[in-house]
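>>> next come a sequence and a model predicted from it.
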Amino acid sequence: PCAVAALVALSFSGAIGLTFLMLGCALEYYGVYWPLFVLIFYFLCPIPHFIAKRVGEDSDAASSACRELAYFFTTGIVVSAFGFPIILARVEAIKWGACGLVLAGNAVIFLTILGFFLVFGRGDDFSWEQW
């Protein structure tokens, strides 16, 4: 029951984040779809964590070099996702209003991804590995 409520809340927040992203692209005043390239960052974000989880399964240490490297790459991906619309707005490929909507969508989506790993990444009966 608790996992179902968490899954519903995460899917709702993901839908809100994607709505912000689509509004930044599809509103008639903005009308440019360059910010959709930020979707690539959404898909790349969890990959370092998945790799570190597979490689570092046999280690009992509280911190490992593989996990720290995964945090580093994930941070780079997240910072790039926030920097990309700002750069597009600076070169006037998109308007600043669209940039703000995309940045709001980024914040919601990355918090949703973080929430997913906090709720389902504990390794208990409701872990993401069973999905």
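All right, it came through fine. Numbers count the residues shown, from 1 in each chain.

>>> where does this protein have low pLDDT?
In the predicted model of the chain, residues 1, 56-63, 122-131 satisfy pLDDT under 70.

>>> residue nearest the centroid of it?
The residue lying closest to the centre of the chain (Cα atoms, centre = their mean) is residue 110, at 3.4 Å.

>>> which residues sit against the helix or strand hosting it?
In this assignment (DSSP states H and E), residue 110 forms part of helix 96-120. Residues from elsewhere that reach helix 96-120 (Cβ atoms under 8 Å, 6 or more residues apart in numbering): 3, 6, 9-10, 13-14, 16-21, 23-25, 27, 29-30, 32, 35, 38, 42, 45-46, 49, 78, 81-82, 85-86, 88-89, 94, 126-128, 131. Bear in mind the C-beta positions are built from the backbone N, C-alpha and C, glycine included.

>>> so how far is it off the chain centroid?
Chain-centre distance of helix 96-120: 6 Å, with Cα atoms, centre = their mean, to the nearest Å.

>>> please renumber so the chain begins at 10
Yep, numbering from 10; the last one is helix 105-129 now.

>>> look up how far residue 50 lies from the residue nearest to the centre of the chain.
9 Å (Cβ to Cβ, to the nearest Å).

>>> overlap of the contact sets of these two?
Common contacts of residue 119 and residue 50 (Cβ under 8 Å, 6+ apart): 87, 90.

>>> for ChimeraX, what selects the buried ones among the contacts of helix 105-129?
For the buried members of the contacts of helix 105-129, the matching ChimeraX selection, counting by 16 or more other Cβ atoms under 10 Å, is:
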select :15,19,22,23,26,27,29,30,32,33,34,39,44,47,51,54,55,58,87,90,94,97,98,103,135
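
>>> which of the contacts of helix 105-129 fall within strands?
Judged by DSSP state E, strands contain none of the contacts of helix 105-129.

>>> in helices, which of the contacts of helix 105-129 appear?
Using DSSP state H, the members of these that fall in helices are 12, 15, 18-19, 22-23, 25-30, 32-34, 47, 51, 58, 87, 90-91, 94-95, 97-98.

>>> packing partners for the helix or strand in which residue 77 is found?
Using DSSP H and E, residue 77 sits in helix 74-99. Helices and strands touching helix 74-99, as assessed by 3 or more Cβ pairs under 8 Å, 6 or more residues apart in numbering; DSSP states H and E, comprise helix 47-53, helix 56-64, helix 105-129.
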